[in-house]
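Visitor: Requesting a structural model of the entry that follows:
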Amino acid sequence: MGQSPDHAFHFYSRDLNEQVDWQPSDPTPEGFARYLVGCIRSLEELGITVPPLNVFVDSDVPIGSGLSSSAALEVAMLRGLRSLLELRLDDVQIAQLGQQAEIHYAGVQCGIMDQMASSLADTVHMLFLDTRTLDRQVLDLPQDSEILVLDSGIPRTLAGSGYNQRRSECEEAAEQLGVKALRDIQAPEKVESLPEPIRRRARHVITENNRVLEAKRGVSAHRFGELMNASHASLRDDYEVSVPGLDQLVAILQQTPGVFGARLTGAGFGGACVALVKAGQAEAIAHQALAKYQQQGFQGKLLVPEP
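Guide: A predicted model of the protein is given here:
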């Protein structure tokens, strides 16, 4: 990131081999540049002047795999601007600005979890986040474990529309139950009076929140894996955001020695899955699982070999 030689911004993505030239009088561009422009506009709304810049984007976060590449791009852009312009912004403000960029300029009605994870988390801990209050804790992984992430190779073609539909269904369920949000209910049986499919959508959210809170209290790797497996079953059956190929990869992982548990990650409908495995065994487990997955006619790949 550096000063532009003219009055325009020049954005280049090495992964996409695409350049976008943009001036502040232009409308928001399409593609990857809309996230960068959204960050610039969000700072301008705070009264911060951003001079024309050259921005080079290079990333090892896979696009479209459910690993929040858009949030990573927003946070990276805002951190770069913070450093270049010597802005007094903390990491929570960076996440909030990234969320606003995505909502108002990329048109995605996202929560703040992805941006907070990109801004505050690291590769060897878990981040517990209350998205209502932004209270947060950095927690250790269960003892003698590490994280493995595999890409199913299935594009997330329905993730956007599916996410919006599920969000609407959960809002409807909360309204019928007389609460601000489903997080205000802890007992899954309270959803039984709801019509389908919002009964199952609400049951997933409530049971998932309970699983997160149990994990936060501190559990063994074995129990954490059980919670992950239950989470995937709930995402598959109650929330209905999985697809057969992703279910196959998760099932293979769950049956592989050294794996405590596995589930899909991201918005679903394809993309990646995440597993908790014995420390030091992630790469070997990945090769074993991907070989079986390939025998079933799919092409996956290892995304995170080790923490």
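Visitor: Kindly state the pLDDT recorded for the residue nearest to the spatial centre of the chain?
Guide: By C-alpha atoms, centre = their mean, the chain has its centre lying nearest to Ser68, at 4.1 Å. We note a pLDDT of 77 for Ser68 in this prediction.
Visitor: Check which strands are paired with the helix or strand bottoming out on mean pLDDT in the chain and give the direction for each one.
Guide: Here the helix or strand of the chain ranked lowest by mean pLDDT, DSSP states H and E is strand 301-304, holding a mean of 79. According to DSSP bridges, strand 301-304 forms sheet pairs with strand 145-151 (antiparallel).
Visitor: Gly271 contacts Asp151, doesn't it?
Guide: Yes. Gly271 sits in contact with Asp151 when judged by C-beta atoms under 8 Å, with a separation of 7.3 Å. (Glycine included, C-beta is placed from N, CA and C.)
Visitor: And the two? Which one has more around it.
Guide: Taking neighbours as other C-beta atoms under 10 Å, Gly271 and Asp151 compare with Gly271 leading, 25 against 22.
Visitor: okay, how far is it across stretch 46-63, tip to tip?
Guide: Using C-alpha to C-alpha, to the nearest Å, the end-to-end distance of stretch 46-63 comes to 30 Å.
Visitor: What residues sit buried inside the host helix or strand of Gln115?
Guide: Following DSSP states H and E, the helix or strand that holds Gln115 is helix 113-120. Residues of helix 113-120 classed as buried by neighbour count (16 or more other C-beta atoms under 10 Å): Asp114, Gln115, Met116, Ala117, Ser118, Ser119, Leu120.
Visitor: Could you tell me how far Asp21 is located from Phe56?
Guide: As judged by C-beta to C-beta, to the nearest Å, Asp21 and Phe56 stand 14 Å apart.
Visitor: What is the neighbour count of Ile147?
Guide: Count around Ile147 with other C-beta under 10 Å applied: 16.
Visitor: so it touches Val274, yeah?
Guide: Yes. Using C-beta under 8 Å, Ile147 is in contact with Val274, at 6.4 Å.
Visitor: The stretch 201-307 of the chain: strands as residue ranges?
Guide: For the stretch 201-307 of the chain, the strands defined by DSSP state E, counting those that start in this stretch occupy 259-264, 272-278, 301-304.
Visitor: low pLDDT regions in this protein?
Guide: Residues of the chain meeting the criterion pLDDT under 70: 64-66, 157-161, 304-307.
Visitor: domain assignment for it?
Guide: 2-129, 142-304 (automatic domain parsing).
Visitor: closest to Arg136 out of the ones you listed?
Guide: Checking the domains of the chain against Arg136 by C-beta to C-beta gives domain 2-129 as the closest, at 4.8 Å.
Visitor: Can you name the residues that contact Val277?
Guide: Ser145, Glu146, Ile147, Leu148, Gly258, Val259, Phe260, Ile285 (C-beta atoms under 8 Å, 6 or more residues apart in numbering).
Visitor: Can you report how many residues neighbour the fifth one?
Guide: Right, Gly258. For Gly258, the count of nearby residues is 16 (other C-beta under 10 Å).
Visitor: isn't it right up against Gly280?
Guide: No. Contact between Gly258 and Gly280 fails when scored by C-beta under 8 Å: they sit 9.3 Å apart.
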